[in-house]
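Trainee: here is a sequence with its predicted model. Questions after.
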Amino acid sequence: MYFDETQQKLASGTGFIYERKEKLYLITNWHNVTGLNPITKEQIGNHGGIPDVVVLTLQTQKEPHIEWGNFPIDLYDKDKKADWLVHPEHKELVDVVAIEIEFDEDFKGIFRPINKIKFDEFKLEISVDVFIIGFPYELKGGGHFPIWKRGSVATEPDIDYERLPKMFVDTASRPGMSGSPVIFRRTGIHGTKNGELKPDSIIGTIQNFVGIYSGRVLGKTELEAQLGIVWKKEVIDEIIDGNTKDEKNVW
């Protein structure tokens, strides 16, 4: 997140691309694009700056060697109004935003929207392993590839915690991972009944998209709870279909 694209880097976070109704969107957290706590509305950083540009780093070439490029996205329109979509009912209390992306004709980025990846349909259960795919402390897993940080589902996935579409995962996550996609991955025998195989049982590894990570539950120290907040994947379609621009003026 930058102020004026190249002038001042304010913070770093994670996001991913999503496709719906033949349009592309950047999915990330509300607190990433505003620099504000979505509940208290206090500034998160101590620099006093508010981002107006997000710069994506995307792969631009595969062969003969991988190359990367930076692609700026304006967060405000020409009238200085927020250009991101929020949840139509809960607004910023669901700490997820969708920003429509329109690349120009010279765009050469290589990516795949997360909802175009072939996932397995499997009911998420408590204690299942999940992976938060992002950049803790801006660390990268070689090149600009992300780091997969393990966790486990800590609350019942079918229950909306605090009447909001979120759940907790048990993980020692770190700053820089806000906006990360969360993937569950499970290896073994799946879809049994009373311990017995069914015709549709699967043996091997399955995975699916769970939602969007948006930070930790904070206590007196970072070691107290070690719980991360994950917004359920359904909020993305609700945000895009709701087509509700953020009306708050953070400037």
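Mentor: Everything's here; your move.
Trainee: please save the CA atoms from the longest helix along the chain in CSV.
Mentor: Scanning the chain for the helix with the most residues, using DSSP state H, yields helix 234-242. Listed in CSV are the C-alpha atoms of helix 234-242, where the atom choice follows Å, rounded to 0.1, in the frame of the first residue of the first chain:
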residue,chain,number,x,y,z
GLU,A,234,-19.2,-16.6,0.6
VAL,A,235,-18.7,-13.0,1.5
ILE,A,236,-16.8,-12.4,-1.7
ASP,A,237,-19.9,-13.1,-4.0
GLU,A,238,-22.1,-11.1,-1.5
ILE,A,239,-19.7,-8.1,-1.8
ILE,A,240,-19.5,-8.2,-5.6
ASP,A,241,-23.2,-8.8,-6.2
GLY,A,242,-24.1,-6.2,-3.6
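Trainee: which other helices and strands contact it?
Mentor: strand 16-20, strand 23-28, strand 85-86, strand 97-101, strand 202-216 (3 or more C-beta pairs under 8 Å, 6 or more residues apart in numbering; DSSP states H and E). Heads up, the C-betas are built off the backbone N, CA and C, glycines and all.
Trainee: quick one: closest of these to Gln43.
Mentor: Closest to Gln43 of those, according to C-beta to C-beta: strand 202-216, at 14.8 Å.
Trainee: whichever helix or strand comes after that closest one packs against which elements?
Mentor: Next in sequence after strand 202-216, counting helices and strands by DSSP states H and E, comes strand 227-232. Counting contacts by 3+ C-beta pairs under 8 Å, 6+ apart, strand 227-232 packs against strand 166-170, strand 202-216.
Trainee: which of those strands has the lowest mean pLDDT?
Mentor: Sorting the helices and strands packed on strand 227-232 by mean pLDDT places strand 202-216 lowest, at a mean of 89.
Trainee: tell me which residues in that strand are buried?
Mentor: 202, 206-216 (16 or more other C-beta atoms under 10 Å).
Trainee: now render those residues as a markdown table, adding distance to Phe111.
Mentor: Formatted as a markdown table, these follow (distance: C-beta to C-beta, whole Å):
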| residue | distance to Phe111 |
| --- | --- |
| Ile202 | 28 |
| Ile206 | 24 |
| Gln207 | 19 |
| Asn208 | 20 |
| Phe209 | 15 |
| Val210 | 20 |
| Gly211 | 20 |
| Ile212 | 17 |
| Tyr213 | 19 |
| Ser214 | 22 |
| Gly215 | 24 |
| Arg216 | 28 |
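Trainee: now Ile183. Nearest residue, chain neighbours left out?
Mentor: Phe131 (5.1 Å; C-beta to C-beta, 6 or more residues apart in numbering).
Trainee: separation between the one you found and Ile17?
Mentor: Phe131 sits 18 Å away from Ile17, going by C-beta to C-beta, to the nearest Å.
Trainee: how about the helices in the stretch 1-150 of the chain?
Mentor: All helices of the stretch 1-150 of the chain, identified by DSSP state H, counting those that start in this stretch, fall at 30-34.
Trainee: give me the contacts around stretch 102-110.
Mentor: With contacts defined as C-beta atoms under 8 Å, 6 or more residues apart in numbering, stretch 102-110 is touched by 24, 56, 58-62, 69, 71.
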